[in-house]
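**Q** have a look; sequence and predicted model below, questions after that.
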Amino acid sequence: MEGYVSVAVFANEVDAELAQATLAAAGIESFVQSDDSGGMMPVFQPIRGVQVYVEPQYADEAKMVLSTPSKDEQPT
């Protein structure tokens, strides 16, 4: 994790993995980290958050990708 920066924090692993998939579709490699005792204590996820990390040079682009509404969310 050293050298990576957090670009988003989510309340659960599912939302973080959806963000990770969104970044992958944009060509940005990322990883998800949660402090939930290796999945044994998922109750900690909403308290401590689940973070999505990218390499520093992709941080601004990743934040933009994650903040842009999907086609499903945009008004028609």
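**A** Done, it's in. Numbering: from 1, shown residues only.
**Q** mean pLDDT per helix and strand in the protein: which one sits at the bottom?
**A** Within the chain, no helix or strand scores below helix 45-48, which has a mean of 58 by mean pLDDT, DSSP states H and E.
**Q** helices or strands up against the helix or strand following that one?
**A** Downstream of helix 45-48, the next assigned helix or strand under DSSP states H and E is strand 50-54. Packing partners of strand 50-54 (3 or more Cβ pairs under 8 Å, 6 or more residues apart in numbering; DSSP states H and E): strand 5-10, helix 13-25, strand 30-34, helix 59-67. C-betas here are computed from N, CA, C, even on glycine.
**Q** what mean pLDDT does strand 50-54 get?
**A** Computed over strand 50-54, the mean pLDDT rounds to 93.
**Q** next one: it to chain centre, how far?
**A** Distance, stretch centre to chain centre, for strand 50-54: 5 Å (Cα atoms, centre = their mean, to the nearest Å).
**Q** before we move on, what about stretch 11-31?
**A** 5 Å.
**Q** over to stretch 62-71?
**A** Chain-centre distance of stretch 62-71: 11 Å, with Cα atoms, centre = their mean.
**Q** please apply the same query to stretch 2-13.
**A** Worked out by Cα atoms, centre = their mean, stretch 2-13 lies 5 Å from the chain centre.
**Q** list the buried residues of that stretch.
**A** Residues 4, 7, 8, 10, 13 are the ones in stretch 2-13 that count as buried (16 or more other Cβ atoms under 10 Å).
**Q** farthest pair in those?
**A** Maximum pairwise distance in those, criterion Cβ to Cβ, is 17.7 Å, between 4 and 13.
**Q** show me the shaky parts of this structure.
**A** The chain contains residues with pLDDT under 70 at 1, 35-48, 71-76.
**Q** for the residue nearest the centre of it, which non-adjacent residue is spatially closest?
**A** Nearest to the geometric centre of the chain sits residue 52, at 3.3 Å (Cα atoms, centre = their mean). Take residue 52 and drop its neighbours on the chain: the residue closest to it by Cβ to Cβ, 6 or more residues apart in numbering is residue 8, 4.6 Å away.
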